[in-house]
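Peer 1: the sequence and its predicted three-dimensional model are supplied below.
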Amino acid sequence: MSDMRPDSGSDDSGEEKDWAAAKAFFDNLKTNKPRPNAEEVHSASNIIMSDMRPDSGSDDSGEEKDWAAAKAFFDNLKTNKPRPPKPRFAVTIAVSSRTLFDMVAERKIYEEEGLEKYVAHQVEHESEPLAPGAAFPFVKALMNVNSRLRELYPDSEELFDIVLMTNNHAQVGVRLINSINHYDLTIERFCMTGGKSPIGYLKAYMTNLYLSKDSEKVIEAIDQGIAAATMFTADKQTQLIDTQLRVAFDGDAVLFSDESEIIVKKHGLDTFFEHEQEFENKPLAQGPLKCFLEALGKLQRKFYAKNERVNCPIRTYLVTARSAASSGARVLKTLRTWGLEIDEALFLAGAPKGPLLQKIRPHIYFDDQMFHIEGAKEMGTVSAHVPYGIGQKYHKGTLINQPAKKE
């Protein structure tokens, strides 16, 4: 409790009394078990209140009420900073430190001089903010959406929640925190694993999307059923607006499964066209990013409910190499069956995607084919490779199916 106590310089004497009352409340809690000493309490201070809740089989209903009251106390603590939403309601975006910030020089030190030199360099320069990375404009746009949602729904927990997910050493965390505060980013949840893979924590954080520079970690995440992509920095800088989040998706092997791409590669375009027309009314199976589009749609509908469709700060795009007349209907009917909307659908019939993406200027574009990623990068689009489907060296044929979060 003492570590969480407000600054003694606070002008809010009422809040100081609240903390004193809360401390007295905890000191007098009844329990049949031996009470921990101060050292044990301090070591356990990071345990979440809900995890400390007594066994539901306990006969002490008074103790159950005590814990409910304590949890309500923490839930209602006042702060001037926006509180992160509860994970079970939020759209959780996990980003690595190398996608959020430009750490190319630091990475070079790590690769050439080793971990100790790398950590020492980060500690020595921890007061210097890192430069923005590929995911930085995307994160800023997410936060703008949150601001708009809070204006319309002050008490809503249905917001974007950004988690910094990194295998960095904890000592490097000081520079990351200083950089986040320098740019006024609302990122309160960190996971720093000290050289271990952070992928095992993604489900615990209830992650909707994971973005990393490490393709192996992205593959590992997709294999565990998490929507994920490897981010690439654009070859040239493009001015992006942060007042509207723009997300562009490829179709096959991204939003949808790779079943149609398999037919193209095995039997050619003519057979593919015939197949798509024959099965026009049969929805495609879902791909690895379908759940993220679903999450975006859920937040869009909150704006629509307030008559903000025209001014919605989220806009989605389908940018596909499919031909509209020959194979487009199945795609649109699949989205309709899923109950999902795409704001703009661009069918390019094999034409390059780069020029269209340059016009859209999305904060992120997802595609499963590296040649499309390269073309988009050359035209100034921040792109994310989804290593899924027949177009990859890695392919297990696993379809992604994330459990739904609570409404």
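Peer 2: In hand now; what should we look at? Note that the structure is a prediction, hence the values are computed from the model and not measured.
Peer 1: rest of the way, CA atoms for contacts and neighbours
Peer 2: Will do.
Peer 1: what distance separates the start and the end of stretch 365-379?
Peer 2: Using C-alpha to C-alpha, to the nearest Å, the end-to-end distance of stretch 365-379 comes to 12 Å.
Peer 1: ditto for stretch 255-275
Peer 2: Taking C-alpha to C-alpha, stretch 255-275 runs 19 Å from one end to the other.
Peer 1: pull the number of nearby residues for the nearest residue in space to residue 119 that is not next to it in sequence.
Peer 2: In space, and not counting its chain neighbours, residue 119 is closest to residue 172: 6.3 Å by C-alpha to C-alpha, 6 or more residues apart in numbering. Counted with other C-alpha atoms under 10 Å, the neighbours of residue 172 add up to 20.
Peer 1: which residues touch residue 172?
Peer 2: Each residue near residue 172 by C-alpha atoms under 8 Å, 6 or more residues apart in numbering is listed here: 119, 122-123, 126.
Peer 1: distance of residue 162 from residue 146?
Peer 2: 11 Å.
Peer 1: what about the two, which has more around it?
Peer 2: Neighbour tally, residue 162 and residue 146, criterion other C-alpha under 10 Å: the higher count belongs to residue 162, 25 against 21.
Peer 1: so is that one in a helix, a strand, or just coil?
Peer 2: Counting by DSSP: H, G, I helix; E, B strand; the rest coil, the backbone at residue 162 sits in strand.
Peer 1: check which helices and strands the helix or strand harbouring residue 315 is in contact with.
Peer 2: Assigned by DSSP states H and E, residue 315 belongs to strand 314-320. In terms of contacts (3 or more C-alpha pairs under 8 Å, 6 or more residues apart in numbering; DSSP states H and E), strand 314-320 is packed against strand 245-249, strand 344-347.
Peer 1: what's the angle between it and strand 245-249?
Peer 2: 20 degrees (axes from the mean of the first three to the mean of the last three C-alpha atoms, to 10 degrees).
Peer 1: list the strands paired with strand 314-320, with their directions.
Peer 2: Counting by DSSP bridges, the strands paired with strand 314-320 are strand 245-249 (parallel), strand 344-347 (parallel).
Peer 1: so how far is the last one from its chain's centroid?
Peer 2: Translated: strand 344-347. For strand 344-347, the separation from the chain centroid amounts to 25 Å (computed by C-alpha atoms, centre = their mean, to the nearest Å).
Peer 1: for it, buried residues please.
Peer 2: By 16 or more other C-alpha atoms under 10 Å, the buried positions in strand 344-347 come out as 345-347.
Peer 1: what's in contact with that strand?
Peer 2: Outside strand 344-347, the residues that touch it by C-alpha under 8 Å, 6+ apart are 316-324, 328.
Peer 1: how about the longest one?
Peer 2: Applying C-alpha under 8 Å, 6+ apart, the set of residues contacting strand 245-249 from outside is 138, 141-142, 145, 255, 313-320, 361-367.
Peer 1: could you rerun that using 10 Å?
Peer 2: 137-145, 240, 255, 289-290, 293, 296, 312-320, 342, 344-345, 357, 360-368, 383-384 (C-alpha atoms under 10 Å, 6 or more residues apart in numbering).
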